[in-house]
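Visitor: With the sequence up front, the predicted model follows.
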Amino acid sequence: MAKLNTQLSLAIQQKLDGLKKEYLLQTERLEKAENEGQDDTTDFIEEIQKQSELVLQMMEIYFENKVTQKTLSKYLTYTYFYLDYAAYHEGVYLPEALDSFYLSGYFGDWYISHNLSSTVQSTKDSIVALTRMAQMFEALGLMDKKAVEAIKRNFKEDKEEWLERMALFNDPDRDYEEYSERLNGLWQDDIY
């Protein structure tokens, strides 16, 4: 039995190593296209999507035996949704897509108003999914510990504000003018 587990672990590691190599090559292609000024094209977005697919494949393999299928499904869904936003709305790819600027734009505004199923709980679940992705990146050597800690710190510092915005947006009894003033105040805090 131990030999079988070792073989499975080796097979999983080999798959992850292959995907990691593909991810690094795809990231190099994206950096080259960006440096050549080709980062405002549909082709560039498609290349970001290829990188995102590799990330989702890595997550599926990496977390398969570490979490339940239900949890893995949540991780993949919320990560896909964020990476799709980063590609199509911001034109950024990993690891830059995990910068606090893009995360704040997503959780503090876009996710609230564009995701019909957005709730306080789904926001928390999304934060967990992206945190797990960053931790996987660290474990695979794609991101250093300092960068992962910065991402986690950003989530910790900004989460309550994002959840407050979510609660305000989803409150059916809100007074529209008061709601607008409150949200504008929150967004003004971001600007100044």
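Guide: Noted; the coordinates are in hand. Because the structure is predicted, anything quoted here is derived from the model rather than measured.

Visitor: Show the contacting residues for Leu140.
Guide: By Cβ atoms under 8 Å, 6 or more residues apart in numbering, the contact list for Leu140 reads 16, 20, 58, 62. Quick note: C-beta positions are derived from backbone N, CA and C, even for glycine.

Visitor: got a pLDDT number for it?
Guide: At Leu140, the model reports a pLDDT of 94.

Visitor: Make 43 the first number, not 1, from now on.
Guide: In the new numbering, first residue 43, that becomes Leu182.

Visitor: And it, how far from Glu106?
Guide: Computed with Cβ to Cβ, to the nearest Å, the distance linking Leu182 and Glu106 is 14 Å.

Visitor: Likewise for Phe197?
Guide: Relative to Glu106, and taking Cβ to Cβ, Phe197 is found at 24 Å.

Visitor: So for those two, which residue has more residues nearby?
Guide: Phe197 (20 against 11; other Cβ atoms under 10 Å).

Visitor: Looking at the contacts of Leu182, which are in helices?
Guide: Judged by DSSP state H, these include 58, 62, 100, 104 as members of helices.

Visitor: Without its sequence neighbours, what residue ends up closest to the last one?
Guide: On the basis of Cβ to Cβ, 6 or more residues apart in numbering, the spatially nearest residue to Tyr104 that is not a chain neighbour turns out to be Met178, at 5.0 Å.

Visitor: do the third one as well
Guide: Sequence neighbours aside, Leu61 is the residue nearest to Met100 in space, at 4.8 Å (criterion: Cβ to Cβ, 6+ apart).

Visitor: Quick one, grab the pLDDT at that neighbour.
Guide: At Leu61, pLDDT is 95.

Visitor: Quick one: residues contacting it.
Guide: Applying Cβ under 8 Å, 6+ apart, the residues contacting Leu61 are 96, 99-100, 103.
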